[in-house]
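A.B. asks: based on what follows, work out the 3D shape:
(one chain, ligands or ions: 3)
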Amino acid sequence: MTENADKPLAEEKQPLKVALLGCGVVGTEVVRILTERADDLAARVGAPLEIAGIAVRRAGRTRDIAVDPALITTDAQALVSRGDLDLVIEVIGGIEPARGLILTALENGASVITANKALLAEDGPTLFAAAEKYERDLYFEAAVAGAIPILRPLRESLAGDDVVRVMGIVNGTTNYILDKMDSTGAGFDEALEEAQALGYAEADPTADIEGFDAAAKAALLASLAFHTRVSIADVHREGITEVTATDIASAREMGCVVKFLAICELDEASDSVGARVYPAMIPLSHPLASVRDAYNAVFVESKAAGQLMFYGRGAGGAPTASAVLGDLVSAARNRLKGVPGVGESSYTQRAARPMGATMTRYHVSLDVADKAGVLAAVAHAFAEHDVSIQTVRQEGRGGDAQLVVVTHTATDAALSATVEALRDMDIVREVSSVMRVEGD
Ligand SMILES: NC(=O)C1=CN([C@@H]2O[C@H](COP(=O)(O)OP(=O)(O)OC[C@H]3O[C@@H](n4cnc5c(N)ncnc54)[C@H](O)[C@@H]3O)[C@@H](O)[C@H]2O)C=CC1
Ligand SMILES: N[C@@H](CC=O)C(=O)O
Ligand code: NA
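C.D. replies: Residues are numbered from 1 along each chain as shown. Ligands and ions are numbered 1, 2, ... in the order given. Model (predicted):
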């Protein structure tokens, strides 16, 4: 008889009790995987995972889940206060009651898995401090880029390297909208409705289209990548609501596509961190240009590894549940061992770099009077602000002309001052669009 024969099988071990908070798009898929894959999960963890309770907002609603109705409760606070839970999954979203519930769960000895980027980017330090105090895990792989494993690689695989830049498409809803507008000519509202029906959008889709969701994710990426604390308030944010069909066509004309980007950079000279989200034109040859539908992709650049790219489904119930379950298995293994896993690392305390100091390029479309000297006057406005022009294209339109100017790299402060000056010029009838150019 081998030594192992005495060891209890996973299913003979005391089950780990799991509570689920919220049973919407993501929660439903979490329950499905937990129930359908129970035996394999038990084998991987080393003990069965038992659903001990599911907190919902409305009890009577028909749900597509196969669990004992006695497990359903509308009292999430009582559930997390029980004291016998090993693991709590928070997929309610928003700030409160999620924050209070997570803190109570940690205080009562449970490790927590959450997909809630909004909360972590607003008040992560409070939650991480509680996890450390009670020696429990607080994992959140699902919070950034859905199914794509990106946070664990940053926290663990790249812990010995120095990350200098993270750039990606981290919001599925907006990528879906921009992709549909570009490839099928769909209108903004129509594409947003489709994204909502497919379960990609936040409960309030303003969070997606105004960039709050991507800004929260950028804050989490920057914090992990640069071992510091970046909150959503530190992230420069512009959403996609101003992107027009004309911008998309204009991007095509210069061999580009409009993508909604999150960019996090370490400025070594000033030891500061810049994080920003905005729609930008990128060349069709850039790998991010071919990210379609609700897919996400994240580029990481580090000193020793060079460039790494992570790609996959960034939104949707099942892909997001995959990330939640991955965290659940890790946290469950740690619970069995009695020690928490790797926590947060924010030892550098780097300052936030102001947006004005960011080096970027602009694509500016102007409606101008079509007369002698206009081009020279416009060029002068750029030169006066130390912004060098890369290309100018002019198209006549009756008595008016349209000028499309693409600049070389300059500080964002210089570029926006140039645009302000252009707006004040009599010969400029309208600055019809301003968009940054990235990725080359
Ligand atoms: N849907 C997606 O593709 C992704 C979602 N996430 C995040 O996952 C979380 C959940 O998202 P979804 O499932 O899409 O949202 P959802 O709106 O479909 O689900 C949330 C559920 O929580 C319930 N709820 C609200 N207040 C409650 C309370 N006090 N007690 C119990 N239940 C309550 C709601 O009734 C709803 O069923 C959010 O933090 C979201 O940002 C993260 C990645 C992707
Ligand atoms: N609403 C989000 C969901 C995932 O984080 C998105 O569209 O990416
Ligand atoms: Na992820």
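A.B. asks: can we go C-alpha only for contacts and neighbour counts from here?
C.D. replies: Fine.
A.B. asks: Glu90 pairs with what?
C.D. replies: Beta-bridge partners for Glu90, by DSSP bridges, are Leu21, Thr114.
A.B. asks: ok, it touching Ile113?
C.D. replies: Yes: with contacts counted by CA atoms under 8 Å, Glu90 reaches Ile113, the gap being 6.2 Å.
A.B. asks: can you list the residues of the chain near ligand 1?
C.D. replies: 21-27, 55-57, 76, 91-93, 97, 115-116, 142-143, 146, 199-200, 202-203, 315-317, 320 (CA under 6 Å from any ligand atom).
A.B. asks: can I get the buried part of those as one PyMOL selection?
C.D. replies: Per 16 or more other CA atoms under 10 Å, the buried members of the residues of the chain next to ligand 1 correspond to this PyMOL selection:
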select buried, resi 21+22+23+24+25+26+27+55+56+57+76+91+92+93+115+116+142+143+146+199+200+202+315+316+317+320
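A.B. asks: looking at the residues of the chain next to ligand 1, which are in helices?
C.D. replies: Taking DSSP state H, the ones among the residues of the chain next to ligand 1 that sit in helices are 25-27, 76, 317, 320.
A.B. asks: not counting its neighbours along the chain, what's nearest the residue of the stretch 151-300 of the chain found nearest ligand 3?
C.D. replies: When scored by CA to the ion, the stretch 151-300 of the chain has Leu151 as its residue closest to ligand 3, at 6.3 Å. Leaving aside its sequence neighbours, Leu151 sits nearest to Glu141 (CA to CA, 6 or more residues apart in numbering; 5.7 Å).
A.B. asks: how many other residues sit next to that neighbour?
C.D. replies: 26 (other CA atoms under 10 Å).
A.B. asks: how about Ala197?
C.D. replies: For Ala197, using other CA under 10 Å, the count is 10.
A.B. asks: may I have the phi/psi pair for it?
C.D. replies: phi -60, psi -30 (degrees, to the nearest 10).
A.B. asks: would you mind measuring from it to ligand 2?
C.D. replies: Ala197 sits 12 Å away from ligand 2, going by CA to the nearest ligand atom, to the nearest Å.
A.B. asks: cool, Met181 as well?
C.D. replies: Taken as CA to the nearest ligand atom, the span from Met181 to ligand 2 is 16 Å.
A.B. asks: need the residues of the chain near ligand 3, please.
C.D. replies: With CA under 5 Å from the ion as the criterion, the chain meets ligand 3 at residues 141-142, 144-149.
A.B. asks: how about low-confidence regions in this protein?
C.D. replies: 1-9, 11, 397 (pLDDT under 70).
A.B. asks: 80 instead, please
C.D. replies: Applying pLDDT under 80 to the chain flags the ranges 1-12, 60-63, 396-399, 440.
A.B. asks: so Val170 sits against Phe299, correct?
C.D. replies: No: using CA under 8 Å as the test, Val170 is too far from Phe299 to be in contact (10.7 Å).
A.B. asks: for those two, indicate the residue with more neighbours.
C.D. replies: In this view Val170 and Phe299 are compared by other CA under 10 Å, and Val170 has more residues nearby, 30 against 19.
A.B. asks: mind listing what the more buried one touches?
C.D. replies: Contact partners of Val170, counting by CA atoms under 8 Å, 6 or more residues apart in numbering, are 144-145, 214, 217, 261-262, 296-298, 314.
A.B. asks: now, which of those sits nearest Leu366?
C.D. replies: Leu261 (24.0 Å; CA to CA).
A.B. asks: hmm, Gly146 is touching Leu325, no?
C.D. replies: No: judged on CA under 8 Å, Gly146 makes no contact with Leu325 at a distance of 11.7 Å.
A.B. asks: hey, what's the nearest residue to Leu308 once chain neighbours are set aside bridged with?
C.D. replies: Among residues not flanking Leu308 along the chain, Val300 sits closest, at 5.1 Å (CA to CA, 6+ apart). Val300 forms beta bridges with Val166, Leu308, as assigned by DSSP bridges.
A.B. asks: assess the claim that Val300 and Asp162 are in contact.
C.D. replies: No: between Val300 and Asp162 there is no contact under CA under 8 Å: 10.5 Å.
A.B. asks: who has more neighbours out of those two?
C.D. replies: Shown here are Val300 and Asp162; by other CA under 10 Å, Val300 has more neighbours (22 against 17).
A.B. asks: contacts only, for Val88.
C.D. replies: 18-21, 80, 102, 105, 110-113.
A.B. asks: which one of those residues is nearest ligand 3?
C.D. replies: Ile113 (12.3 Å).
A.B. asks: how about the residues of the protein by ligand 2?
C.D. replies: 143, 145-146, 171-173, 200-202, 208, 314-315.
A.B. asks: right, and ligand 1 sits closest to which residue of the stretch 151-300 of the chain?
C.D. replies: Using CA to the nearest ligand atom, the closest approach of the stretch 151-300 of the chain to ligand 1 is made by Tyr200 at 4.2 Å.
A.B. asks: can you give me the helices for the stretch 101-250 of the chain?
C.D. replies: 117-133, 151-152, 172-183, 188-197, 206-209, 212-226, 245-253 (DSSP state H, counting those that start in this stretch).
A.B. asks: deepest of these, which one?
C.D. replies: helix 212-226 (a mean of 28; mean count of other CA atoms under 10 Å).
A.B. asks: tell me which other helices or strands that helix touches.
C.D. replies: helix 117-133, strand 163-169, helix 206-209, strand 236-237, strand 256-267, strand 272-283 (3 or more CA pairs under 8 Å, 6 or more residues apart in numbering; DSSP states H and E).
A.B. asks: quick check on the closest residue to Lys13 other than its chain neighbours: phi, psi?
C.D. replies: Excluding the flanking residues, the one nearest Lys13 by CA to CA, 6+ apart is Ala47, at 5.3 Å. The phi/psi pair for Ala47 (degrees, to the nearest 10) reads phi -160, psi 150.
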